[in-house]
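1. sequence and predicted structure below; questions after.
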Amino acid sequence: MFNFIFAAVEFPMLSDIVWIFGLATLVILVFMRLKIPTIIGYLFTGALAGPYGLSLVQASTTVDVLSEIGVILLLFVIGMEFSLKSLMAIKKAVFIGGALQVSLTILATTFLSYFLGFNWNVSVFIGFLFSLSSTAIVLKLLQESGQVNTISGRTTLAILIFQDIVIVPLMLFTPMLAGESDNVAWSLFLMAFKGTLVIILTLLSAKYLVPILLYRIAKTRNEELFLLSIIVICFAVAYATSLLGLSLGLGAFLAGLIISESDYSHHATGKILPFREVFLSFFFVSVGMLFDITFLFEHIIPILGLTLLTFVIKFITVSISVRAIGQGFKEAFIVAFSIFQVGEFSLLLAKVGLNYELLDPETYQYFLAISILTMAITPFILKKREDFSCGILNLPLPSQLSKKFGNMNFPQLELDEDIKDHLVIIGYGLNGRNLSKAAKSAKIPYAIIEMNPVTVKEESLKGEPITYGDAANETVLEHVNIHKARVAVIAISNAEATKRIISTIRHLTQTPYIIVRTRYVNEIDENLKLGADEVIPEEFETSIEIFTRVLGKYLIPRHDVEEFTEEIRSHNYELFRIPSSEPRPNVKINLPEINFVGVMVERDSGKYINKPLKEAGIREELGINVVAIKREGKIITSIKPEEKLKLGDIVYVAGSPLSLEKFEAAVEVD
């Protein structure tokens, strides 16, 4: 008993862990009931447990170390889910988009800070702080929503990667801004050399060293050894980059890229994820512990004003940067709504500035309050980022400005003014492409509206009648003669944008028959009320495709299956939507007591083996029929009474489940 108490006293971190996880469990449970993101719960937990709250946590330095491990594991997993090829594909976004975003943000913030009365060196340093965004929060949210590999997700990742790289030169410039006489030029040269060295080692390791190492470890079939090797690779590369003066997070990302080139990346990801979630929670708690709620309430008006100003500046600079690398306004706005916040590396840099007296304590508290507020609202903004982007694009603007704003530098469809009775395809994803092929084959005139500028450029060069624009814009719809179209198909994945498009079409005309593709069945009724004539939900069309194939395997007649699916569609998928206890539509499927399977003959002798089928009595005794035999790669479909079953044959038989079990037991080895 005394030993236990003594151990607890000697290991104060234990009590901190208990307080953090215990409090976090209660807070997140409440937040989940209120549908508030868990990240906000962790930040709130940190604020409660920290020095400005209930002061429950004493070893804050240890919490910072554990939080750093969480960031390392997050970037490691992102790297494993990415690949070197994917990274090379976005190098323009990394080095041009990222550099432009950081430079523009530093420039804008420097001028604003100088205008507010700060010295020029302090103003530049404040620009450094606000130029960075939160890699940990943004990538975690993108990963949870499965949007890392979208166009906007990859661009967001590219800019965040550059920010993780640029933190090193920003650290090197900080002493110079404080009046130190370090040779910054030499330091930058060394950093570039070290960075090149790291990239070369990463490429060599990904191609030659790690795949061979993991192959040999995987051959042992020892899961503990496999997990240990993955963790060693992660922290070894992160440690190596830190020794070279680069960030731990960048090293972890590179380690993930190395493993992503092997065949074991998915298995490794599954092993690491639980550890990532545990340690990453410490990061969000540690950020929350910095939050001085008293200071916030005492200066609430200027803090909220500066937070809004931060959002506006970063939104504008990010949008300009993304547009500069050739992406459209919508993608630019989506990325801007993702990385408007101040990042965790800014908190680290701010501590350095505090040590060099570039920031006074009051300015530091202002910065912390703005940083944590922007982090706290990130989950809410990022969740609705696509809707907000569409909303901006649909703002009422003068016609000339609207045309320039929406269609700048992109090919436009030249339609015959007399075109009529045509098909309008809104969205050129997989469904839109297939529909255009069908229309072309049937010689149906059609026009396409698409918001992805890359797609518009590529398809217009191929001769497709495609135009860039937002289909919720009346000018764009009038351009494709929507009032003369027979059918309009909306094949996009954004539910809110779909509703706006339906409303705009119906405001202009009642002529076209509107068919809508949605993700979920609960979107059907609202789209129909807005004016859609037919709504097809992916959610249940996928279900129909699955059960159609399942019923086919159960040998249900095709006519009955088609009747069943039509009945479901005619009831707007009601069979799948209503609870099991409520009355259902009158649909009936009678499953026959018959299966069709292939059975391997694994015995060289037995009751039914090496005997003519007419003598073996398989049909008479078991009630099953031999339909075909696969022997030495050839299929025998004409089964004669003299045919014999032999060792190694695959026998295709039809019969009841019980009969098939008896036959399998007779010819297979247990």
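-> Structure received.

2. residues in contact with Phe226?
-> Applying Cβ atoms under 8 Å, 6 or more residues apart in numbering, we find Phe226 in contact with 214, 217-218, 220, 264, 267-268, 271. Where C-beta positions appear, they are placed from N, C-alpha and C, glycine not excepted.

3. that one and Ser262, how far apart?
-> For Phe226, the distance to Ser262 equals 12 Å [Cβ to Cβ, to the nearest Å].

4. now the contacts of Phe226: which count as buried?
-> 214, 217-218, 264, 267-268 (16 or more other Cβ atoms under 10 Å).

5. among the residues you listed, which one sits closest to Leu29?
-> Lowest distance from Leu29 to those (Cβ to Cβ) belongs to Ala268, with 31.1 Å.

6. residues touching the closest one, list them.
-> Per Cβ under 8 Å, 6+ apart, neighbours of Ala268: 80, 226, 230, 259.

7. mind listing which of the residues you listed are in helices?
-> 80, 226, 230, 259 (DSSP state H).

8. taking those, tell me the two that lie furthest apart.
-> Met80 and Phe226 (13.6 Å).

9. which residue, neighbours along the chain excluded, lies closest to Leu273?
-> Val77 (6.7 Å; Cβ to Cβ, 6 or more residues apart in numbering).

10. distance from the chain centre to the helix or strand encompassing the one you found, please.
-> Using DSSP states H and E, Val77 sits in helix 60-81. Helix 60-81 sits 19 Å away from the centroid of its parent chain (Cα atoms, centre = their mean, to the nearest Å).

11. which strands or helices does it pack on?
-> Helix 60-81 is packed against helix 12-33, helix 135-144, helix 223-243, helix 248-260, helix 265-289, with contacts defined by 3 or more Cβ pairs under 8 Å, 6 or more residues apart in numbering; DSSP states H and E.

12. can you do 10 Å?
-> helix 12-33, helix 38-49, helix 135-144, helix 151-177, helix 223-243, helix 248-260, helix 265-289, helix 344-355 (3 or more Cβ pairs under 10 Å, 6 or more residues apart in numbering; DSSP states H and E).

13. who are the contact partners of Ser319?
-> Residues in contact with Ser319 (Cβ atoms under 10 Å, 6 or more residues apart in numbering) are 101, 327, 329, 331-337, 389, 392.

14. apply 6 Å and report the result again.
-> 332, 336 (Cβ atoms under 6 Å, 6 or more residues apart in numbering).

15. do the same with Trp19
-> With Cβ under 6 Å, 6+ apart, Trp19 has these contacts: 49, 56.

16. for it, give its distance to Ala49.
-> 6 Å.

17. same deal with Val65?
-> Distance, Val65 to Ala49, by Cβ to Cβ: 17 Å.

18. who has more neighbours, the two?
-> Between Val65 and Ala49, Ala49 has the larger neighbour count (other Cβ atoms under 10 Å), namely 24 against 13.

19. do you know the pLDDT at the more buried one?
-> With respect to pLDDT, Ala49 scores 85.
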